[in-house]
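In: Below are the sequence and a predicted model for it; my questions follow.
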Amino acid sequence: MTTPKYTRDELVARLVRAGELEVSGENPDEVGTYFDTEKFRFHGPDGFESDYAGLTAYFASVRAAFDNRSIRRGIVVAEGDRMACQTWIEGTFVGEFTQSPAGPLPPNGRRIVFDLLNIFRFDEQGRLVEEWVHTDNRSLLRELSAGETDPGQPG
């Protein structure tokens, strides 16, 4: 059996769809088809490491904490089985965010933007097997009002 080879555009489409599904929470069975759910590894800021189950739990936390969510991808660079891109995930902070970089945080009602740089690695079946994320946690925590005495004031 020959393994399918995906074009750059097909891999970009798969990446975009996987992100949309993780952020929206719709079709959990479909989202798993975009990942090697057994081998997937996530490498995040501050040494945060996770597997596919951990990534799924993280996005469940995002969905519980933020309403009116969206995801956008910016510049995409592809080379072989790797792809790098800008990502923005936005939402209105309305519920406790249990997986913030500083631990659980109460909502502040603001529109929050997660500004990310991602590198992804795909397997020969077009599934995501590895992801590296870089973000400015200090800026994110400021948006989330972590450590502020009055979360209602602009940060």
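Out: Nice, thanks for sending it over.

In: got a list of contacts for the lengthiest strand in the chain?
Out: In the chain, taking DSSP state E as the definition, the longest strand is strand 66-79. The contact list for strand 66-79 (Cβ atoms under 8 Å, 6 or more residues apart in numbering) reads 8, 11-12, 15-16, 19-20, 22-24, 62-63, 83-95, 97, 112. Just so you know, the C-beta spots here come from the backbone N, C-alpha and C atoms, and that holds for glycine as well.

In: Give me the buried positions along that strand.
Out: For strand 66-79, a neighbour-count test (16 or more other Cβ atoms under 10 Å) marks 66, 69, 71, 73, 76, 78 as buried.

In: Nearest to Asn118 among these?
Out: Arg73 (8.6 Å; Cβ to Cβ).

In: Could you report the separation of that closest one from Phe35?
Out: 17 Å (Cβ to Cβ, to the nearest Å).

In: Distance from the top helix by length along the chain to the middle of the chain?
Out: Determined from DSSP state H, the single longest helix within the chain is helix 8-24. Distance of helix 8-24 from the chain centroid (Cα atoms, centre = their mean, to the nearest Å) equals 11 Å.

In: Give me the helices and strands touching that helix, please.
Out: helix 28-31, helix 52-65, strand 66-79, strand 82-93, strand 111-122 (3 or more Cβ pairs under 8 Å, 6 or more residues apart in numbering; DSSP states H and E).

In: of the ones you listed, which approaches His134 most closely?
Out: Among the helices and strands packed on helix 8-24, strand 111-122 sits nearest to His134 (Cβ to Cβ), with 4.4 Å.

In: Report the rounded mean pLDDT for that closest one.
Out: The pLDDT scores in strand 111-122 average 97.

In: Poorly predicted segments of the chain, please.
Out: Residues of the chain meeting the criterion pLDDT under 70: 1-4, 146-155.

In: 50 - rerun?
Out: 1-3, 149-151, 153-155 (pLDDT under 50).

In: Present the helices and strands packed on helix 8-24 as CSV; the columns should include distance to Ser139.
Out: Formatted as CSV, the helices and strands packed on helix 8-24 follow (distance: least, Cβ to Cβ, whole Å):
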stretch, distance to Ser139
helix 28-31, 28
helix 52-65, 17
strand 66-79, 17
strand 82-93, 13
strand 111-122, 7
